[in-house]
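J.: here is a sequence together with a model predicted from it:
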Amino acid sequence: MSQAPVSKFDALPSELSLLVARLSIAGSVHKVQDLIRVSSINAQMRSITVNTSDLWTEFTLSDSSSSHKLGGLCVCRSGDHVLDLIISLPRPMDQEEGVPGFVKCFKSAASRISRLSIHTYDPLSLDIINTLLHTENFSMLRDIHVDYDYEQYDGFVRFISLPSGGAGLHSASLVGVQTQPWFQFSLGNLTYLHLGTGEHCRWTRVAIAPLLQAATSLQELHFVGDRGVFHTVMDEGFGGIQLTLPALRCVRFVNAAPGFIFTFLRRVTAPLLEEVDTTAPPHRTHNEEGREIFEWFGAVFNIVRNPAVALPPHSLKLREGGVEYRDEDMLHFVIFLVAIFPNITSLEIDGELLYVLHFLVELEGCQAASLPRQRWMIEKLKIHGLFDQEVEGEHGDFVEDLTRTLGALKKKGLKELRLIVDRSIQPSLGRVDVEALKELVGELILDD
């Protein structure tokens, strides 16, 4: 039996060589280094990789001289393609060696950057980047992400410049930083905005009304307080004007001050809104000086007295905030949710918050004038139930808690229940009485 011929790598068709190069860098966090290694296989591979300009469009700049050299190589070999630049500066740059190389490479790439991600933990580095963003031409920039996480937070608000007045931006994510007054910018093309406090910034104050007036194309809007409570000033200079976001489809609140959620939803008209995503309320409703900034029943009373809420029927995602809550706090929160979101048709909640459903059922029997009269008509319910079925008591409590309220919700129009179970610790069906649940809700779906 003759030996099978051995194919030489040099004999590979150019299409396969290019495929090898693309697969070698797919998903890599060190794409340029991996690409250089692939190009050193042989002369054919080197020729293909060097002359395929779209392979060299993504690179990272740090404080090292090697990243500046590799960045310059990418700018040269990427031709006229737009660039995806990641800036990673976890420590201060050397003023004599690091800064000049960084600035030179950044300037050479600026006019072709389409996506810019900035991760820095150093205020001096942020100042250098800000100067470049203010002075250079970024005509192709469409997406910007800034994450400023200064562990030794000094209490000063850090700002980031939006290149070209923000006119070309489609997506912006600002974490731990703010920008200059929004009315200075042209944000008519912005469809996605993420505003976050960052891990080490306890409080964030933003005059939000100018943003909402400028970003009329927003479709998705996130307010995220990582460790602190996100709160804003909506009324500065606008004196109670009702604001409209005609394209907004999703708004997300994470560890946001309840008072801000209340103000936002009472001031903003969103005719196309489909989804509200929020965590359970934070413990504190006080500012860092100890002054109370939100009072639950006062807010509910205002809503009941003036029930016009311009939100269409939509879904609500309610997530667990990582802290324990007293029953009375959660009851107040549920009353608040029912008052501020009167048109919920689909509810998605974490399994740890099942008692929210109990409170919803209990409210059905309450007719107090101070409570909202309209109740949710939930048609679809999705529960993330990450419970361990090996723990008999925990499993039994889950099933009991779930079935206790489903009958009442069924009478109010519930048509579909979807359980998200953890297959790694649970059998495919486990001891969940599927047939019994189906009788309660009509349709039961078990998802991974």
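T.: Happy to help now that I have it.

J.: neighbours around the residue nearest to residue 72 when sequence neighbours are not counted, how many?
T.: Closest residue to residue 72 apart from its sequence neighbours, by Cβ to Cβ, 6 or more residues apart in numbering: residue 105 at 5.3 Å. Bear in mind the C-beta positions are built from the backbone N, C-alpha and C, glycine included. When neighbours are defined as other Cβ atoms under 10 Å, residue 105 has 22 of them.

J.: what's residue 105 in contact with, if anything?
T.: Applying Cβ atoms under 8 Å, 6 or more residues apart in numbering, we find residue 105 in contact with 61, 68, 71-72, 75.

J.: among those, which are located in strands?
T.: Counting by DSSP state E, the part of the contacts of residue 105 found in strands is residue 61.

J.: taking the contacts of residue 105 one by one, which sit in helices?
T.: Assigned to helices by DSSP state H, the following of the contacts of residue 105 qualify: 68, 71-72, 75.

J.: out of those, which is most surrounded?
T.: Result: residue 71 is most packed of those (other Cβ under 10 Å), 24 neighbours.

J.: that one reaches residue 109, doesn't it?
T.: Yes: counting by Cβ atoms under 8 Å, residue 71 does reach residue 109; the two are 6.9 Å apart.

J.: joint contacts of the two?
T.: Counting by Cβ under 8 Å, 6+ apart, the residues touching both residue 71 and residue 109 are residue 85.

J.: ignoring the adjacent residues along the chain, who's closest to residue 14?
T.: Residue 14 sits nearest to residue 48 (Cβ to Cβ, 6+ apart), 5.9 Å away.

J.: state the distance from residue 243 to residue 318.
T.: 25 Å (Cβ to Cβ, to the nearest Å).

J.: comparing these two, which shows the higher neighbour count?
T.: Neighbour count, other Cβ under 10 Å: between residue 243 and residue 318, residue 318 has more, with 20 against 17.

J.: so that one touches residue 275, yeah?
T.: No: between residue 318 and residue 275 there is no contact under Cβ under 8 Å: 11.6 Å.

J.: spatially nearest residue to residue 356, not counting backbone neighbours?
T.: residue 334 (5.7 Å).

J.: which helix or which strand is home to that neighbour?
T.: Residue 334 belongs to helix 327-340 when elements are defined using DSSP states H and E.

J.: flag every buried residue along that helix.
T.: Neighbour counts over helix 327-340 (16 or more other Cβ atoms under 10 Å) mark 330-340 as buried.

J.: average pLDDT for the helix or strand residue 119 falls within?
T.: Using DSSP H and E, residue 119 maps to strand 113-120. Mean pLDDT, strand 113-120: 94.

J.: can you name the next helix or strand after it?
T.: helix 123-135.

J.: which helices and strands does that following helix pack with?
T.: helix 98-109, strand 113-120, strand 159-160 (3 or more Cβ pairs under 8 Å, 6 or more residues apart in numbering; DSSP states H and E).

J.: what number of residues lie near residue 16?
T.: Around residue 16 there are 12 residues (other Cβ under 10 Å).

J.: now for the helix or strand encompassing residue 315, which elements pack on it?
T.: Here residue 315 sits within strand 314-319, counting by DSSP H and E. Identification of packing neighbours for strand 314-319 by 3+ Cβ pairs under 8 Å, 6+ apart yields strand 275-279, strand 344-350.

J.: winner for burial among the helices and strands packed on helix 123-135?
T.: Comparing the helices and strands packed on helix 123-135 on average neighbours per residue, with mean count of other Cβ atoms under 10 Å, the densest one is strand 113-120 at a mean of 20.

J.: that one pairs with which strands?
T.: Strand 113-120 sits in its sheet next to strand 83-89 (parallel), strand 143-148 (parallel), going by DSSP bridges.

J.: what's in contact with it?
T.: Contacts of strand 113-120 (Cβ under 8 Å, 6+ apart): 82-90, 126, 129, 138, 140-149, 160.

J.: for residue 241, which non-adjacent residue is closest in space?
T.: Residue 241 sits nearest to residue 209 (Cβ to Cβ, 6+ apart), 7.4 Å away.

J.: tell me which other helices or strands the helix or strand containing the one you found touches.
T.: Using DSSP H and E, residue 209 falls within helix 208-214. With contacts taken as 3+ Cβ pairs under 8 Å, 6+ apart, helix 208-214 sits against strand 243-244.

J.: hmm, who's touching the strand it packs on?
T.: 209, 212-213, 216, 267-271.

J.: pull out the buried members of these.
T.: 209, 212-213, 216, 267-268, 270.

J.: just the helices in the stretch 151-300 of the chain please.
T.: Here the stretch 151-300 of the chain has its helices, by DSSP state H, counting those that start in this stretch, at 208-214, 258-267, 296-305.

J.: any idea which of those helices gets closest to residue 191?
T.: helix 208-214 (13.1 Å; Cβ to Cβ).

J.: mean pLDDT per helix and strand in this structure: which one sits at the bottom?
T.: Using mean pLDDT, DSSP states H and E, strand 203-204 stands out as the lowest-scoring helix or strand of the chain, at a mean of 56.

J.: what's the burial count for residue 137?
T.: Should you count by other Cβ under 10 Å, residue 137 turns out to have 11 residues around it.

J.: hmm, I typed the wrong one, I wanted residue 359.
T.: 18.

J.: my guess is residue 27 is in a strand, correct?
T.: No: counting by DSSP: H, G, I helix; E, B strand; the rest coil, residue 27 is not part of a strand but coil.

J.: quick revisit: and the helix holding residue 209, average pLDDT?
T.: 78.

J.: ok, stretch 356-363 next?
T.: 78.

J.: next one, pLDDT for the spatially closest residue to residue 148 that is not a sequence neighbour please.
T.: Counting by Cβ to Cβ, 6+ apart, residue 176 is the residue found nearest to residue 148 once chain neighbours are left out, at 3.9 Å. For residue 176, the pLDDT comes out at 82.

J.: now the strand holding residue 119 and helix 98-109, what's the angle there?
T.: Between strand 113-120 and helix 98-109, the angle comes out at 160 degrees (axes from the mean of the first three to the mean of the last three Cα atoms, to 10 degrees).

J.: just the ones in helices among the contacts of residue 105 now: which is nearest residue 97?
T.: Using Cβ to Cβ, these come closest to residue 97 at residue 68, 9.7 Å.

J.: list the contacts for the nearest residue to that closest one once chain neighbours are set aside?
T.: The shortest distance from residue 68 to any non-neighbouring residue, by Cβ to Cβ, 6+ apart, is to residue 101 (3.7 Å). Shown in contact with residue 101 (Cβ under 8 Å, 6+ apart): 65, 68-69.

J.: show me what contacts the nearest residue to residue 104 once chain neighbours are set aside?
T.: Excluding its sequence neighbours, the residue lying closest to residue 104 (Cβ to Cβ, 6+ apart) is residue 68, at 7.1 Å. Residues near residue 68 by Cβ under 8 Å, 6+ apart: 61, 101-102, 104-105.
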